[in-house]
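Student: let's see this in three dimensions:
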Amino acid sequence: RNKRKRYYTLDDIVTIDPFMNELKDQIIKIAKSDMPILIYGATGTGKEVVAQSIHSESLRKDKLFISQNCAAVPENLLESIFFGTEKGAYTGAENRKGLFELAEGGTLFLDEINSMSVSMQVKLLKAIEEKKFRRIGGQREIKVDIRIISALNEDPLTLIAEKRLRPDLFYRLGNIYLTIPPLCER
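Tutor: Numbers count the residues shown, from 1 in each chain. Alright, predicted model coming up:
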């Protein structure tokens, strides 16, 4: 039997706050689109709950929702985690799918993208724009059909000004931009 994990839905966002109710209305409107979504909110405000709720309302709801906190992965491993590896790419490398392949048809949630180096942001941007990539050590391009939802826990304009977030990545990911208010304001 194939038991699908239950993802958060709009019903899990319990609130009487007008801004949060407006956010829930926005989720309903944007969920059916395949455009990338960028969520901004302080740590602990529920960015992943919002991302899963979008997935649950989307046409991709029967496919996987894969979540990766980019700050939790050492920089030198991010590329192989995102794009996978081919046997022989380096000592001990095996044929392994990355998150982009694993999320095929579904949603890939990238939390704390601001923790990635600028060079990794360039590789991520290229894969998102072209909807294809190569595994590390791979020869062939792999096409993917995924929706990207990403999140920042710091103000994007400050990150751009400090050159910690590429403006082109911000604009590509932020076609739809959601802000989650801090808990103290709800």
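
Student: from here on, just use CA atoms for contacts and neighbour counts.
Tutor: Noted.

Student: and the average pLDDT for stretch 84-101 is what?
Tutor: Stretch 84-101 shows a mean pLDDT of 90.

Student: can you tell me the element residue 177 falls in?
Tutor: strand 176-179 (DSSP states H and E).

Student: tell me the strands beside that strand, with direction?
Tutor: The pairing partners recorded for strand 176-179 under DSSP bridges are strand 37-40 (parallel).

Student: pull the residues that contact the strand it pairs with.
Tutor: Strand 37-40 is contacted from outside by 47, 148-156, 173-180, using Cα atoms under 8 Å, 6 or more residues apart in numbering.

Student: any of the residues you listed buried? List them.
Tutor: The neighbour-count test (16 or more other Cα atoms under 10 Å) marks 47, 148-154, 156, 173-174, 178-180 as buried among these.

Student: per-residue pLDDT, the residue lying closest to residue 168 once chain neighbours are set aside?
Tutor: Closest residue to residue 168 apart from its sequence neighbours, by Cα to Cα, 6 or more residues apart in numbering: residue 125 at 7.9 Å. Predicted confidence (pLDDT) for residue 125: 96.

Student: for residue 125, give its distance to residue 92.
Tutor: Relative to residue 92, residue 125 is positioned 28 Å away (Cα to Cα, to the nearest Å).

Student: okay, the two: which has more neighbours?
Tutor: Taking neighbours as other Cα atoms under 10 Å, residue 125 and residue 92 compare with residue 125 leading, 18 against 7.

Student: what sits against the more buried one?
Tutor: 168, 169, 172.

Student: repeat that with 10 Å
Tutor: By Cα atoms under 10 Å, 6 or more residues apart in numbering, the residues touching residue 125 are 119, 131, 166, 168, 169, 170, 172, 173.

Student: phi and psi next, for the residue nearest to the last one when sequence neighbours are not counted.
Tutor: Of all residues not flanking residue 173 in the chain, residue 36 sits nearest, at 5.2 Å (Cα to Cα, 6+ apart). With angles defined as degrees, to the nearest 10, residue 36 shows backbone torsions of phi -60, psi 150.

Student: my read: residue 139 touches residue 86, true?
Tutor: Yes. Counting by Cα atoms under 10 Å, residue 86 is a contact partner of residue 139 at 9.0 Å.

Student: between those two, which one's more packed in?
Tutor: residue 86 (18 against 9).

Student: okay, that one and residue 95: tell me how far apart.
Tutor: 4 Å.

Student: where do the contact lists of these two overlap?
Tutor: Joint contacts of residue 86 and residue 95 (Cα under 10 Å, 6+ apart) are 135, 136, 137, 138.

Student: just put these in CSV and tack on distance to residue 114, neighbour count and secondary structure.
Tutor: Listed next are these as CSV, based on distance: Cα to Cα, whole Å; neighbours: other Cα atoms under 10 Å; DSSP: H, G, I helix; E, B strand; the rest coil:
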residue, distance to residue 114, neighbour count, secondary structure
135, 23, 23, coil
136, 23, 22, strand
137, 26, 16, coil
138, 27, 17, coil
